[in-house]
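J.: Pasting the sequence and the predicted coordinates here, then a few questions.
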Amino acid sequence: MNFQFSSHGLSKQDRRLQRFLEIAPGLTTWTILVGIVTLAFWQPIWAALVIIAFDLYWLLRIFYGIIFLLLAYLRLSIEQRTNWLDRARALDHPEEYLDELEKADPKDRREKISLWIHKREVRTLMRSRLFPLAFDDVHHLVLIPVVKEERNVFEPGVQMLARGPYPAKRMVVVLAVEERAGTAIKDSALAVQDKFKDAFLDFLVVFHPEGLPDEAQVKGANVTCAAKMARRRFEELRIPFEHVIVSCFDADTVVSEQYFACLSYYFRVNPHRNRASFQPIPVYHNNIWDAHGFAQVMEMGASFFLLTETTNPEKLVTFSSHSMSFKALVDIGYWPVDMISDDSSIYWKAFNHFDGDYRTIPMYVTVSMDVVDAGSWWATVVSVYKQKRRWAWGVQEFPIIIRAFLKNKSIPAWTRVRLAFRFFERHIAWATWSFLLTIMSWLPALLAEREFSSSFVYYSSSRITSVIFTLSYVILFILCVLSLCLLPKKKVRFGFLKQVGFVLQWVLLPVTYILFSALPALDAQTRLMFGNYLEFWVTGKHRGRRVPSNIARCV
């Protein structure tokens with residue numbers, strides 16, 4: 001469907017609907033929080049019953065999530081030994097390859113599980129009869145936006161692309177540099193281009209100018225500019241867009257060695273490859289042992305969330321560094337150029353454009369990024385808060401998604417209702433759950449009158465709350481163990497004591513999530529409710545601390 005995925009340039013009627021929908025999330029969140037406090041003063045027994053019901057609901061949801069988190073981690077650990085490059089190449093002859101798979105009999109239990117999943121995927125491809133193009137025809141476009149990141153932040157990612165096992169000569173790499181970046185940043189980009197240009201099919205540096213019509217200073221505008229320049233290059237090289245997979249990485253992203261082989265496999269084995277995004281598992285390992293503890297815990301929580309989501313592809317939406325069909329990207333008109341939350345908005349834009357015939361495919365391979373580190377402890381606190389507020393600003397997509405769903409009758413009505421409610425509920429939970437669990441659950445008892453203190457509800461609520469918190473520590477223990485399992489296996493500088501400190505940071509999880517999750521989400525929703533729109537802010541990331549002829553400039 002042709003729909004302007006933007007909050008700008010609307011008709012008067014659409015603008016009124018847009019403002020109503022912008023108010024709805026913040027109003028709902030504040031109604032819940034203020035309502036519980038008011039109820040605790042006015043009717044503490046009813047407030048206690050509501051809190052108990054919520055605590056039980058939360059506990060069920062958390063245990064449900066933990067089960068799927070463990071399953072997702074198991075799948076990730078199983079696929080660590082997979083030779084994705086061999087699998088991707090073998091799909092050139094799927095019928096003969098399937099016969100070989102049927103005869104295979106691995107002894108290792110993990111390999112058996114991986115093989116069983118693999119055979120199921122190949123059978124699905126065979127039934128579809130939508131066989132992939134030849135392995136040698138698959139090309140990759142890698143976009144790396146740069147604003148103020150120093151060379152030692154983005155160069156390691158480029159180096160991994162050049163030295164990885166996947167043929168770099170089938171990659172076009174683009175450093176998408178903002179025109180407003182400092183001279184030192186631009187010079188660094190050109191130096192990296194000069195160093196690695198012979199390793200790839202092509203290496204471009206694209207300067208995105210300021211002040212283009214209908215654009216904001218957001219990453220989506222920068223990478224859209226870069227993608228348009230890459231489109232011209234592919235046309236010059238006579239490479240069809242159907243043969244290209246585009247990966248949009250943050251500047252600090254360092255892919256695992258198997259990433260592009262794994263991506264090529266999933267692209268080829270998926271019958272609907274040109275109607276799909278491909279989502280790896282983000283881990284924040286680049287500077288994990290140098291970053292502050294609370295920042296480590298918050299970033300690990302993001303990894304856990306996405307791991308859980310991979311078990312249900314219907315819920316999975318693109319996040320941070322991800323990949324997609326270049327043909328699909330061109331068809332939908334690239335990323336929104338006026339929205340801060342471009343990582344997920346590109347999914348919703350594609351979903352609406354293709355009338356619901358679009359999906360996100362989970363990939364059980366990792367990409368590593370930086371934990372937020374702005375130098376000093378306080379500067380990092382501010383940076384983490386602003387980063388989470390920027391993530392929570394994804395709530396701005398809600399009004400646009402609802403307007404799109406109201407106009408697009410080609411998507412089944414139940415699908416639209418289900419997805420809209422899920423999106424809305426997730427953001428409300430983001431801003432309220434931590435407050436309800438850690439602060440407001442104690443209000444009925446603290447504010448109760450004498451009659452309430454002698455009631456059965458008062459007697460029971462304290463014991464129920466105690467049981468819930470005891471079970472919460474079991475969950476916390478599981479998260480601590482999983483966080484250690486996800487840490488880099490090779491530790492050069494730090495040993496046992498550093499790991500102990502890492503684990504102890506999880507004890508402060510309730511406070512950490514209030515300050516750096518719920519509060520930023522409440523901030524974002526309140527700003528949207530009052531029309532105080534957020535501007536794009538670049539996260540501070542630090543690590544241990546001649547113009548070529550093929551420079552491109554977006555016009």
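T.: Sure, I can see it.
J.: give me the low-pLDDT residue ranges for the stretch 451-555 of the chain?
T.: Across the stretch 451-555 of the chain, the ranges flagged by pLDDT under 70 are 451-466, 469, 489-504, 536-555.
J.: Now residue 124. Nearest residue, chain neighbours left out?
T.: residue 271 (6.9 Å; Cβ to Cβ, 6 or more residues apart in numbering). No exception for glycine: its C-beta is placed from N, CA and C like everyone else's.
J.: helix, strand or coil for the one you found?
T.: coil (DSSP: H, G, I helix; E, B strand; the rest coil).
J.: Can you get me a residue count around it?
T.: Applying other Cβ atoms under 10 Å, we find 17 residues neighbouring residue 271.
J.: and if you look at residue 250?
T.: Neighbours of residue 250 (other Cβ under 10 Å): 22.
J.: Please look at it and residue 147 and confirm they touch.
T.: No: taking contacts as Cβ atoms under 8 Å, residue 250 lies outside contact range of residue 147: 10.7 Å.
J.: quick one: contacts for residue 120?
T.: Applying Cβ atoms under 8 Å, 6 or more residues apart in numbering to residue 120 gives no contacts.
J.: Tell me which helix or strand it sits in.
T.: Using DSSP states H and E, the element containing residue 120 is helix 109-128.
J.: would you put the C-alpha positions of that helix in CSV?
T.: Taking C-alpha atoms only, helix 109-128 is exported to CSV below (Å, rounded to 0.1, in the frame of the first residue of the first chain):
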residue,chain,number,x,y,z
ARG,A,109,23.4,-34.3,20.2
ARG,A,110,23.8,-30.6,19.3
GLU,A,111,24.6,-31.4,15.7
LYS,A,112,21.6,-33.7,15.5
ILE,A,113,19.3,-30.9,16.6
SER,A,114,20.9,-28.5,14.2
LEU,A,115,20.6,-31.0,11.4
TRP,A,116,17.0,-31.7,12.1
ILE,A,117,16.2,-27.9,12.0
HIS,A,118,18.3,-27.6,8.8
LYS,A,119,16.5,-30.4,7.0
ARG,A,120,13.1,-28.9,7.9
GLU,A,121,14.2,-25.5,6.4
VAL,A,122,15.5,-27.2,3.2
ARG,A,123,12.2,-29.2,2.8
THR,A,124,10.2,-25.9,3.1
LEU,A,125,12.3,-24.4,0.4
MET,A,126,11.8,-27.5,-1.8
ARG,A,127,8.0,-27.4,-1.3
SER,A,128,7.9,-23.7,-2.3
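J.: distance between the longest helix anywhere in the chain and the chain's centre?
T.: Across the chain, the longest stretch assigned as helix under DSSP state H is helix 44-78. In terms of Cα atoms, centre = their mean, to the nearest Å, the gap separating the centre of helix 44-78 from the centre of its chain is 21 Å.
J.: what packs against the very next helix or strand once past that helix?
T.: Next helix or strand after helix 44-78 toward the C-terminus (DSSP H and E): helix 84-90. Identification of packing neighbours for helix 84-90 by 3 or more Cβ pairs under 8 Å, 6 or more residues apart in numbering; DSSP states H and E yields helix 259-269.
J.: Now do the most centrally placed residue in the chain against residue 248, distance only.
T.: With distances taken as Cα atoms, centre = their mean, the residue of the chain nearest its centroid is residue 319 (2.0 Å). Shown here: residue 319 relative to residue 248, a distance of 11 Å by Cβ to Cβ, to the nearest Å.
J.: returning to that earlier point: any shared contact partners between residue 250 and residue 147?
T.: Applying Cβ under 8 Å, 6+ apart, one finds that no residue jointly contacts residue 250 and residue 147.
J.: picking up where we left off before, could you tell me whether the residue nearest to the centre of the chain really is in a strand?
T.: No: according to three-state DSSP, residue 319 belongs to no strand; its state is coil.
J.: mind listing what it touches?
T.: Contact partners of residue 319, counting by Cβ under 8 Å, 6+ apart, are 279, 282, 302, 306, 343-344.
J.: Swap in 7 Å and give it another go.
T.: Each residue near residue 319 by Cβ atoms under 7 Å, 6 or more residues apart in numbering is listed here: 279, 306, 343-344.
J.: Residue 115 too?
T.: Residue 115 touches 101, 104, 106, counting by Cβ under 7 Å, 6+ apart.
J.: Next step: the residues you listed restricted to strands.
T.: Among the contacts of residue 115, DSSP state E puts none in strands.
J.: Spell out for me the ChimeraX command that would select the buried members of the residues you listed.
T.: Selecting the buried subset of these in ChimeraX, with 16 or more other Cβ atoms under 10 Å as the burial test, is done by:
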select :101
